[in-house]
Structures are given as structure tokens and as C-alpha cells.
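**Student:** Task: produce atomic coordinates for the following.
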Amino acid sequence: MVRSHGDGSVRVLTLDRPEKRNALRPNDLSELAAAVEAATEPVIYLHGAGSAFCAGADLDAVSTLDDPAAFARLGQRVASTLASTDAVVVCGVDGAARG
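**Tutor:** Numbering: from 1, shown residues only. The predicted structure is shown next:
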């Protein structure tokens, strides 16, 4: 779900599940954290494929989890990983941004 490629001094990370507006499942969060941790470029550009940046949690996937709170904790760890990276993180947000 997370595509990653280098473009000079920028690591481009793409949430690539446009049919679900890039809604996140547990594995997607793990992939995103790993991609951020693996980035060696000084800039990370995070954006979504299609017409949405990210719809948030994939509620269909979360509703099947034995411990939905673990998903929330994983999301918090990913946010912390993004916040603590040495790279400058820029997000390309298409359309409305609500939260």
C-alpha cells in the first residue's frame, strides 16, 4: 500500500489505495513506519494516490480486529516516527482536510 522511491534528495512516499481513499489498515501503518525509518534523504514527501490524501482508518479492517485499541496505538507510533525523523516531512494534501 505504501510505495517508496527516491527522487534526488527527496524520498517520495505514496499511500496507494485510491479505491478506498487511502484508508489505513494495520499493515499499511507498519509499512509507512518502515518506509520513514528507511529513508536516508533529507526530505520526505508523503502524499496519497488518487483524489484523497488519506481517509484515516479503514473501518472495515478495524472492525475485525481483536484489539482495535492496538491499531490506535500503532497509529500513534507512526505519527511519532514521522515527528521524530531527522528528515523534513512535507505532506501533499489534496482536497478537504478534516480531523
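**Student:** Nearest residue to the residue nearest in space to the middle of the chain in space, please, no chain neighbours.
**Tutor:** Geometric centre of the chain, nearest residue: residue 32, 4.9 Å, by C-alpha atoms, centre = their mean. Nearest residue to residue 32, sequence neighbours excluded (C-beta to C-beta, 6 or more residues apart in numbering): residue 2, at 5.1 Å. Placement of C-beta: from N, CA and C, glycine included.
**Student:** the helices in the protein, which residues?
**Tutor:** 26-38, 59-62, 68-84 (DSSP state H).
**Student:** What about the residue nearest to residue 32, how many residues nearby?
**Tutor:** Neighbourhood size, residue 2 [other C-beta atoms under 10 Å]: 21.
**Student:** Look up the residues forming beta bridges with it.
**Tutor:** With DSSP bridges as the criterion, residue 2 is bridged to residue 15.
**Student:** how about it, what does it touch?
**Tutor:** 13-16, 28, 31-32, 35 (C-beta atoms under 8 Å, 6 or more residues apart in numbering).
**Student:** same deal with residue 78?
**Tutor:** Residue 78 neighbours (C-beta under 8 Å, 6+ apart): 29, 32-33, 36.
**Student:** Same list, the residues you listed, but as a markdown table with pLDDT please.
**Tutor:** Shown next, in a markdown table, are the contacts of residue 78 (pLDDT from 0 to 100):
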| residue | pLDDT |
| --- | --- |
| 29 | 96 |
| 32 | 97 |
| 33 | 97 |
| 36 | 98 |
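**Student:** For those, pick the one with the most neighbours.
**Tutor:** Highest neighbour count within these, by other C-beta under 10 Å: residue 32, with 24 neighbours.
**Student:** which ones are touching it?
**Tutor:** The neighbours of residue 32, taking C-beta under 8 Å, 6+ apart as the test, are 2, 13, 15, 24, 78.
**Student:** so which of these comes closest to residue 49?
**Tutor:** residue 15 (6.5 Å; C-beta to C-beta).
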